[in-house]
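Engineer: Turn this into a model:
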Amino acid sequence: MRWQTLALHALAQGTALARKPFSPRCGLRILMYHSVGSFVYGDKLGLHTISEKLFRQHLDVLSRMRTVPLLPLLVPEVELSVAITFDDGYADNLHIAAPRLAERGIPFTVFVTSDFIRRHERGFLSSDELKQLAQQPGASIGAHGCSHCHLTRCSDSQLRAELRDSRHYLEDLIGRSVTTLAYPHGFSDRRVRDAALSAGYQLGVCSRFDINQRSRDPLMLNRCVIVCDDTPDILRQKLSGAWDWYRWRSVDPLSVAFSAV
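Structural biologist: The predicted model follows:
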């Protein structure tokens, strides 16, 4: 475990102990996974690959929670609900994650980068595998842009193409509507949010670490990242809200009208 991760975990442990007399925060908590046991695109430190053994342990924890799909969007006021998401579209989401989730009746959403399928990128879903995944119990498919670029750096025309083309490509493949979106790299602002709405998306998720209350914009939902060193105890801490101080490490994209390139 890297020293930075150890320091963060120590801080979170202290925060969790301080919160012990309190109940978990209520609302919708969306977890962000990437790969289960495979190399993650651009992840030189290996942060976003979780082992199959640890993933099973996470599912043991999550099977005792109230897990829900992203759509229809239901944000409780007096209880905690949890939604499971995966970014990028790794083949292991079909072959490893989906069967384990189905065994426990846990719904999940996979946000797929369409160019990775078009280019037959190694480690990612093929077009046939995506069709199979879309038929799995509890599975939903969302868009993750065409090229996995930073949408905030796109011109208006590039932005429209990234949002529109990825959605239409996925819809043509799986034969059903795609109305959920994960902003690549978690980067968004109000311009990108408005473009997503114009492109026909009903729901968008970023990477700001926090729970979602009913007042949260459905096109700028918060998510809680899961990394390789997250033990079941740390997962419980993240679910309860002990890591929500993490939100102060980044600006809320809702407060940014336009990101300078």
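Engineer: And for the closest residue in space to Glu79 that isn't next to it in sequence, the neighbour number?
Structural biologist: Sequence neighbours aside, Cys26 is the residue nearest to Glu79 in space, at 5.7 Å (criterion: Cβ to Cβ, 6 or more residues apart in numbering). To be clear about C-beta, it is placed using only N, CA and C from the backbone, and glycine gets the same treatment. Around Cys26 there are 16 other residues, counting by other Cβ atoms under 10 Å.
Engineer: got it, and the one 5 residues further on?
Structural biologist: By the criterion of other Cβ under 10 Å, Leu31 has 21 neighbours.
Engineer: Just read off the phi/psi values of Ala161.
Structural biologist: Recorded main-chain torsions at Ala161 are phi -70, psi -40, according to degrees, to the nearest 10.
Engineer: any idea how far Glu79 is from it?
Structural biologist: For Ala161, the distance to Glu79 (Cβ to Cβ, to the nearest Å) stands at 40 Å.
Engineer: more crowded one of the two?
Structural biologist: Ala161 (16 against 10).
Engineer: Is Ala83 in a helix, a strand, or coil?
Structural biologist: strand (DSSP: H, G, I helix; E, B strand; the rest coil).
Engineer: So which residues of the stretch 101-250 of the chain form strands?
Structural biologist: In chain order, the stretch 101-250 of the chain shows strands spanning 108-112, 139-143, 180-182, 203-205, 224-225, with DSSP state E, counting those that start in this stretch as the criterion.
Engineer: now the third one, how far from the chain's geometric center?
Structural biologist: In other words, strand 180-182. Once both centres are worked out by Cα atoms, centre = their mean, to the nearest Å, strand 180-182 turns out to sit 9 Å from its chain's centre.
Engineer: name the helices or strands packed onto that strand?
Structural biologist: Other elements packing on strand 180-182 under the criterion 3 or more Cβ pairs under 8 Å, 6 or more residues apart in numbering; DSSP states H and E are strand 108-112, strand 139-143, strand 203-205.
Engineer: rounded to a whole number, what's the mean pLDDT of the first one?
Structural biologist: Confidence for strand 108-112, expressed as mean pLDDT, is 98.
Engineer: Residues touching it, excluding its own?
Structural biologist: Defining contact as Cβ atoms under 8 Å, 6 or more residues apart in numbering, one finds that strand 108-112 is touched by 69-70, 83-89, 93, 97-98, 101, 125, 130, 133, 138-144, 170, 180-182, 205.
Engineer: Got a PyMOL select line for the buried ones in those residues?
Structural biologist: Buried members of the contacts of strand 108-112, defined by 16 or more other Cβ atoms under 10 Å, are picked up in PyMOL with:
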select buried, resi 69+70+83+84+85+86+87+88+89+93+97+98+101+125+130+133+138+139+140+141+142+143+144+170+180+181+182+205
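Engineer: in stretch 192-204, what counts as buried?
Structural biologist: Within stretch 192-204, the residues that qualify as buried are Val192, Arg193, Ala195, Ala196, Ala199, Tyr201, Gln202, Leu203, Gly204, counting by 16+ other Cβ under 10 Å.
Engineer: Give me the number of neighbouring residues for Leu80.
Structural biologist: Applying other Cβ under 10 Å, we find 18 other residues in the vicinity of Leu80.
Engineer: per-residue confidence at the closest residue to it other than its chain neighbours?
Structural biologist: Counting by Cβ to Cβ, 6+ apart, Pro24 is the residue found nearest to Leu80 once chain neighbours are left out, at 5.1 Å. What the model reports for Pro24 is a pLDDT of 82.
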